[in-house]
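**Q** Generate coordinates for the sequence data below:
(2 chains)
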Amino acid sequence: MTDGSAPLILVVEDDAAVRRFLRTALTAHGYRVAEAESAVEALATITTAHPDVLLLDLGLPDRDGIDVTREIREWGYLPIIVISARGREEDKVRALEAGADDYLTKPFGTKELLARIGVALRHAAQVGAAPTAETIDVGTLHVDQIRREVSVGGVPVHLTPIEYKLVVLLARNAGRVLTHHQILKEVWGSAYAAERHTLRVFMMQLRRKLEPNAVRPQILITEPGVGYRLREP
Amino acid sequence: MVCETSKAPAPAGLRHAARQPAPHQSVGQVRFEVGASESGEVTFASQGPTSEEERAFLRAFARQVSLAAERARLAHAAESASLRARAEEARNSLLSAVSHDLRTPLATITGAGTALRGDGGQLDAEQRVELLESICGEAERMDRHIEKILDMARLGEGGLSPAREWVPLEEVVGSTLDRLDEKLIGREGILSLPEDLPFVWVDPVLLEHVLSNLIENAIEHAGPTSPIEICARRGSGGFEITVADRGPGIPKGAEQSIFERFVRGPGAPGGGVGLGLAICQAVANAHGGSIVGENRGGGGAAFRITLPLPPEPPTTESARFGALAGREEET
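**A** Just a heads-up that it's a prediction; the model follows:
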């Protein structure tokens, strides 16, 4: 199933059973897999094997995964998906703000894992490409960045400048969770990074404009205690 | 005559400093015992020598002090014994819940897993799929149990202070329904959220756990055809959120006990841990609110959480939202 050009996934995990399950599932779906049991081994493998995606356990024997994430971020862009048994919201927020692309709480299913890897790979391809595409399409959502127009299912939606900035940010990161803090910093600036209720008000307004039923959102998904994610269909 | 009592061993210097007899006073002490291990003394000072009558009074006084101290000591011992017993009981229930509720799904996983590993071609395709489904299903059930046990452990100590924020109720309800999406397929849901009070002052993560526990309960107990109603309104005692179904309702007399830890409602087909409602109550209490379960006219159960209205009126906050939102023109 695998060939030399398939994306290489580096699995950084000290538990042998989890490594085995990941190796089996990933190779069966056409990925190449490299493994590391510690942070030191992981950092060495990154420089020698140049993986495309990192699956990173937070509870490594030698170093905390959050520190490892920060260090890798200083080098440049490599998608990091945290896989951790720590399921509390504050753990997720810490990892995402340290630079992780995504966070999967153990236990997770293969389907979920493959979906997140797909998102991470697509996002990495965008980071390398032109800074801004002219249009962004996610499911029924269409964003025209030249005309600054947004439509859902072909129906134009009128947005305020801040609402537009929010949609563009979330759409560029489709499938990924952005924390409240990250969104506030991007859209309003650092001075407003603590104004979570402001963000909530805007998300509520935005849902009223983009979603057929704002209480059952299909596009703008709340990650309770963490942030928001624009859902990929 | 001036008296003071102290429980020995009190530092001698301190006692001395506390009551320095004036000139022409005589000082005396009457010792008394408290139980077998402690003793105390009554120190007194009087003008001139003490009479036999005064000394008898002091001995009687010391006896009374001794009895009072002994009663207090015994009450304290009884209280800590009952606290220990309650902690022990909680520990035992937790252990039995962990062993039973985690081992039961694990038994299926182990059984189905070994059956697949040992299969030499006896199983047909349908049987293999069945075994795989039970492995995945039971693993999910185990995960849900673990989450509830962890929730309870965090909440159980009573030291939890909710991380409150202004949250649109519709966002909390929305994320709860999203999380339960698969379980709600094909079921009628009736939502009634107030237009005039969109924001609540709560810990959004905890409130989501409460709502999903209540909705999961309704799914589990009310049968596949019962609609689930979620309704919120401003009530006399605060802000009320109700989750109601049209199932068999709460058994008579069980309206209180269902909120206790590890108490399961009868006929829970999925076999929960018996922690869902205890978690709901702990969260409601942590918010200064309450939760009640009652039967509805026309059949079914309704669980109503009442949360105190925000300390400051939401309109003040809304004004702030407005200011920050800026008076934007639409593009």
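**Q** After the lengthiest helix in chain A, which helix or strand is next?
**A** In terms of residue count, the longest helix belonging to chain A (DSSP state H) is helix A:110-128. Per DSSP states H and E, the first helix or strand lying C-terminal to helix A:110-128 is strand A:135-138.
**Q** State the mean pLDDT of that next one.
**A** For strand A:135-138, mean pLDDT rounds to 89.
**Q** which parts of that strand are buried?
**A** A:136, A:138 (16 or more other C-beta atoms under 10 Å in any protein chain shown). (Each C-beta comes from the backbone N, C-alpha and C, glycine too.)
**Q** So which residues of chain A form strands?
**A** Using DSSP state E, the strands of chain A run over A:8-12, A:32-36, A:53-57, A:80-84, A:102-105, A:135-138, A:141-144, A:149-152, A:155-157, A:177-179, A:220-223, A:227-230.
**Q** Let me have these in JSON lines, extended by distance to residue B:182.
**A** Below are these laid out as JSON lines (distance: least, C-beta to C-beta, whole Å):
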{"stretch": "strand A:8-12", "distance to residue B:182": "28"}
{"stretch": "strand A:32-36", "distance to residue B:182": "30"}
{"stretch": "strand A:53-57", "distance to residue B:182": "25"}
{"stretch": "strand A:80-84", "distance to residue B:182": "22"}
{"stretch": "strand A:102-105", "distance to residue B:182": "17"}
{"stretch": "strand A:135-138", "distance to residue B:182": "22"}
{"stretch": "strand A:141-144", "distance to residue B:182": "23"}
{"stretch": "strand A:149-152", "distance to residue B:182": "24"}
{"stretch": "strand A:155-157", "distance to residue B:182": "29"}
{"stretch": "strand A:177-179", "distance to residue B:182": "20"}
{"stretch": "strand A:220-223", "distance to residue B:182": "15"}
{"stretch": "strand A:227-230", "distance to residue B:182": "18"}
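**Q** just so I know, which of the ones you listed lies nearest residue B:148?
**A** strand A:102-105 (15.2 Å; C-beta to C-beta).
**Q** List the pairing partners of the closest one within its sheet, with orientation.
**A** Using DSSP bridges, the strands paired with strand A:102-105 are strand A:80-84 (parallel).
**Q** what angle sits between the strand it pairs with and strand A:53-57?
**A** Strand A:80-84 and strand A:53-57 are oriented at 30 degrees to each other (axes from the mean of the first three to the mean of the last three C-alpha atoms, to 10 degrees).
**Q** Local confidence estimate at residue 52?
**A** The chain I'm using is chain A. For residue A:52, the predicted pLDDT is 96.
**Q** my question was about chain B
**A** The predicted local confidence for residue B:52 is 82.
**Q** any idea how far residue B:92 is from the spatially most central residue of chain A?
**A** With distances taken as C-alpha atoms, centre = their mean, residue A:176 lies nearest the centre of chain A, 3.1 Å away. In this view, residue A:176 and residue B:92 are 45 Å apart by C-beta to C-beta, to the nearest Å.
**Q** any residues touching stretch B:192-206, and which ones?
**A** A:89, A:197, A:204, A:215, A:224-225, B:162-173, B:207, B:229-234, B:239, B:283, B:286-287, B:307, B:310-311, B:314, B:317-318 (C-beta atoms under 8 Å, 6 or more residues apart in numbering or on different chains).
**Q** Filter the residues you listed down to the buried ones.
**A** For the contacts of stretch B:192-206, buried by 16+ other C-beta under 10 Å: A:89, A:197, A:204, A:215, A:224-225, B:162, B:164-173, B:207, B:229-232, B:239, B:283, B:286-287, B:307, B:310, B:314, B:317-318.
**Q** Quick one: mean pLDDT over the longest helix of chain A.
**A** 89.
**Q** list the contacts for residue 109?
**A** Picked chain A for this. If you count contacts by C-beta under 8 Å, 6+ apart, then residue A:109 has residue B:136 around it.
**Q** not what I meant, chain B
**A** Here residue B:109 is in contact with B:134-135, B:138-139, B:142 (C-beta under 8 Å, 6+ apart).
**Q** immediately after the helix or strand containing it, which helix or strand?
**A** In this assignment (DSSP H and E), residue B:109 forms part of helix B:52-117. Reading on from helix B:52-117 to the C-terminus, the next helix or strand found by DSSP H and E is helix B:125-156.
**Q** what mean pLDDT does that next one have?
**A** If you average the pLDDT over helix B:125-156, you get 88.
**Q** Look up phi and psi at residue B:247.
**A** Here is the backbone geometry of residue B:247 (degrees, to the nearest 10): phi -90, psi -160.
**Q** Okay, domains of the chain per the record?
**A** Using chain A. Domain segmentation of chain A under automatic domain parsing yields A:8-128, A:135-230.
**Q** sorry, should have said chain B
**A** Taken from automatic domain parsing, chain B resolves into B:2-80, B:92-156, B:165-315.
**Q** And those: which comes nearest residue A:116?
**A** Closest of the domains of chain B to residue A:116 is domain B:165-315, at 17.1 Å (criterion: C-beta to C-beta).
**Q** what is the mean pLDDT for the closest one?
**A** Mean predicted lDDT for domain B:165-315 stands at 85.
**Q** And that domain, how far out from the chain middle?
**A** Mean-position distance between domain B:165-315 and its chain equals 16 Å (C-alpha atoms, centre = their mean, to the nearest Å).
**Q** For stretch B:217-230, which residues meet the burial criterion?
**A** Neighbour count says stretch B:217-230 has B:217-222, B:226, B:228-230 buried, by 16+ other C-beta under 10 Å.
**Q** so of those, which ones are in strands?
**A** B:228-230.
**Q** returning to what we had before: by mean pLDDT, show me the worst of the strands of chain A.
**A** strand A:135-138 (a mean of 89).
**Q** Could you please name the strands it pairs with and the direction of each pair?
**A** Using DSSP bridges, the strands paired with strand A:135-138 are strand A:141-144 (antiparallel).
**Q** Buried residues, the strand it pairs with. List them.
**A** Applying 16+ other C-beta under 10 Å to strand A:141-144 flags A:141-143 as buried.
**Q** Also stretch B:114-129?
**A** residue B:115.
**Q** which parts of chain A sit against chain B?
**A** A:87, A:89, A:107, A:109, A:148, A:158-162, A:164, A:192, A:195-198, A:200-204, A:214-217, A:221-225 (C-beta under 8 Å from any C-beta of the partner chain).
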